[in-house]
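S.K.: sequence plus the predicted model coming up.
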Amino acid sequence: MKKSLKLALLTSASVLTLAACGDNTTQETTEPETEEATDTTENTTTEENTDTTDDNTDDQGDDQAANTDSQGIENMDFAVSLQDAVETFKGEVGDDAVQITDVNFDTENGTYVYEFTGFSNGTEYEGSVDAENGDVVDFESEAGEDMDDDVLDLDNVVDPSEAMTVALDSTGSGYVKEWELDVENGTPVYEIDIENASDVKVNAETGEVL
């Protein structure tokens with residue numbers, strides 16, 4: 001009886017030991033597979049995120065390049081031409097014979113305008129004409145002296161767009177922010193203000209860079 005009991009106990013102990021070993025073997029085999037699956041998922045997600053980021057960066061670069069190419073006034077179309085604005089200014093003065101000495105084209109309160117200075121019968125006039133709708137947005141006058149030597153002959157000047165093109169061709173880079181037209185040493189001259197480059201002066205009669 002004692003021997004039978006000992007055998008039974010030994011047999012039970014062996015079975016428990018084998019069962020425990022079997023469980024450990026199963027756990028050790030399963031855990032590495034789980035880690036490999038996790039690593040694969042993480043790598044796939046990282047690669048997808050990287051690809052998306054690269055695509056977004058490329059798109060942003062294209063947008064910035066487009067903005068750089070289009071932000072100069074040389075690429076903008078304005079409803080009111082220089083000659084139209086001249087006629088509007090003369091009408092506001094009430095004298096077609098008013099002598100215009102200079103014209104500036106830039107922004108005023110966020111709007112592109114032609115700014116004129118002129119003289120007539122001892123009075124100086126200054127006025128701005130909206131380049132989009134032709135409205136007079138600013139106008140004033142005061143006593144002053146006529147300046148016959150500095151009068152612009154606006155019927156014989158090249159178009160501002162031509163002057164801007166010539167100026168940009170001479171610099172090879174940048175874009176036009178604004179321009180000014182006046183008389184220097186008896187010659188009508190466009191002074192083209194170019195971003196990231198020196199200002200360029202263009203003969204307003206011949207269209208040549210000075």
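M.R.: Received the coordinates, thanks.
S.K.: mind checking which helix or strand the nearest residue to residue 171 once chain neighbours are set aside is in?
M.R.: Distance criterion C-beta to C-beta, 6 or more residues apart in numbering; nearest residue to residue 171, sequence neighbours excluded, is residue 197 at 4.2 Å. C-beta: built from backbone N, CA, C; applies to glycine. Using DSSP states H and E, residue 197 maps to neither a helix nor a strand.
S.K.: show me the contacts for residue 197.
M.R.: 171, 173-174 (C-beta atoms under 8 Å, 6 or more residues apart in numbering).
S.K.: give me the buried subset of the residues you listed.
M.R.: 171, 174 (16 or more other C-beta atoms under 10 Å).
S.K.: ok, what's across the strand from residue 114?
M.R.: residue 105, residue 129 (DSSP bridges).
S.K.: that one contacts residue 83, correct?
M.R.: No: judged on C-beta atoms under 8 Å, residue 114 makes no contact with residue 83 at a distance of 10.3 Å.
S.K.: out of those two, which sits in the busier spot?
M.R.: residue 114 (26 against 12; other C-beta atoms under 10 Å).
S.K.: about what we covered before: redo the contacts of residue 197 as a markdown table? Include pLDDT.
M.R.: Shown next, in a markdown table, are the contacts of residue 197 (pLDDT from 0 to 100):
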| residue | pLDDT |
| --- | --- |
| 171 | 94 |
| 173 | 89 |
| 174 | 92 |
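S.K.: want to throw the contacts of residue 197 into TSV with distance to residue 137 and secondary structure?
M.R.: Below are the contacts of residue 197 laid out as TSV (distance: C-beta to C-beta, whole Å; DSSP: H, G, I helix; E, B strand; the rest coil):
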residue	distance to residue 137	secondary structure
171	31	helix
173	33	coil
174	28	coil
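S.K.: so for the helix or strand harbouring residue 100, what gets flagged as buried?
M.R.: For residue 100, the host element (DSSP H and E) is strand 99-108. Within strand 99-108, the residues scored as buried using 16+ other C-beta under 10 Å are 99-106.
S.K.: how about that strand as CSV, C-alpha atoms only?
M.R.: Provided in CSV are the C-alpha atoms of strand 99-108 (Å, rounded to 0.1, in the frame of the first residue of the first chain):
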residue,chain,number,x,y,z
GLN,A,99,0.2,120.7,-65.9
ILE,A,100,1.0,117.4,-64.3
THR,A,101,4.5,117.2,-62.9
ASP,A,102,4.6,113.7,-61.4
VAL,A,103,2.6,110.5,-61.0
ASN,A,104,3.0,107.8,-58.4
PHE,A,105,1.4,104.4,-58.4
ASP,A,106,1.2,102.7,-55.1
THR,A,107,-1.2,101.7,-52.3
GLU,A,108,-3.3,104.1,-50.2
